[in-house]
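[1] Sequence and predicted structure are below.
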Amino acid sequence: MAVYLFQRSLIAFLNEKFDNLNKIFYFSDGSGAQYKNKKNFANLYYHKRDFNVMAECHFFATSHGKGPCDDLRGVIKRLAAKASLQNVNDLINTPEKFFLWVNKNIVNIILIQNFFLLKNTKLKYLNWKIVFEKRKNDSWYFKTSFIHSKKTRKNRNKNNIISF
């Protein structure tokens, strides 16, 4: 459910930024236990119905999916850790504090983490009460996506999944 709600927020954000969003390409490592399971496949299968946009998911071989975003994430985490150590009276020790520090100290970065969304330089936070209410209201719809989904065999050797 958390992935679904995050996708909904992210896709709404992308629809505001781009006039004609036709397809989303997801890239992930090839972890069978985490990413190649029936719930993620059902999520991809119903992607067009749920979000009104087609999707593809491509899987890298283990440890081969590193890219510029991993470097950027590492730099941001290192800078935040350094800033936290330099100011012991105001440690960066929660996701909220991390987000606020990045928002204040690093420009031109859109940070989406734990339902935080930076939009037009204003902070929007989807708090857990709202998540719970959405979960309660959407659960019947969301569950129908998984009721009829079945375990797939030999999916760990697949490198991409395309919704239709």
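    Nice, thanks for sending it over. Numbering: from 1, shown residues only.

[2] what about the chain, any weak spots by pLDDT?
    Low-confidence segments of the chain (pLDDT under 70): 1-2, 29-37, 62-71, 108-164.

[3] domain assignment for it?
    Taking the TED database as the criterion, the chain consists of the domains 1-65, 66-113.

[4] could you dump those to JSON lines with mean neighbour count?
    C-beta: built from backbone N, CA, C; applies to glycine. Listed next are the domains of the chain as JSON lines, based on neighbours: other CB atoms under 10 Å:
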{"stretch": "domain 1-65", "mean neighbour count": "14"}
{"stretch": "domain 66-113", "mean neighbour count": "12"}
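
[5] Tell me if I'm right that A80 and W101 touch.
    Yes: using CB atoms under 8 Å, A80 is in contact with W101, at 5.6 Å.

[6] residues shared between the contacts of the two?
    Residues touching both A80 and W101 (CB atoms under 8 Å, 6 or more residues apart in numbering): I92.

[7] does L21 sit in a helix, a strand or a coil?
    State at L21, reduced to three classes by DSSP: H, G, I helix; E, B strand; the rest coil: coil.

[8] Next: S28.
    Relying on three-state DSSP, one would call S28 strand.

[9] Let the chain start at 20 from now.
    Understood, numbering begins at 20; the last thing we discussed is S47.

[10] partner residues bridging it?
    Beta bridges link S47 to F78 when assigned by DSSP bridges.

[11] Assess the claim that it and A80 are in contact.
    No: judged on CB under 8 Å, S47 makes no contact with A80 at a distance of 11.3 Å.

[12] Please enumerate the strands of the chain.
    Ranges of strands within the chain are 42-48, 73-79, 131-132, 135-138, 141-144, 179-181, based on DSSP state E.

[13] How about the contacts made by N108?
    Contacts of N108 by CB under 8 Å, 6+ apart: none found.

[14] distance of it from F118?
    N108 sits 19 Å away from F118 when distances are taken as CB to CB, to the nearest Å.

[15] for A99, same thing?
    A99 is 10 Å from F118, by CB to CB.

[16] And for V107?
    Going from V107 to F118 by CB to CB gives 20 Å.

[17] just F70 next, same as before
    Taken as CB to CB, the span from F70 to F118 is 24 Å.
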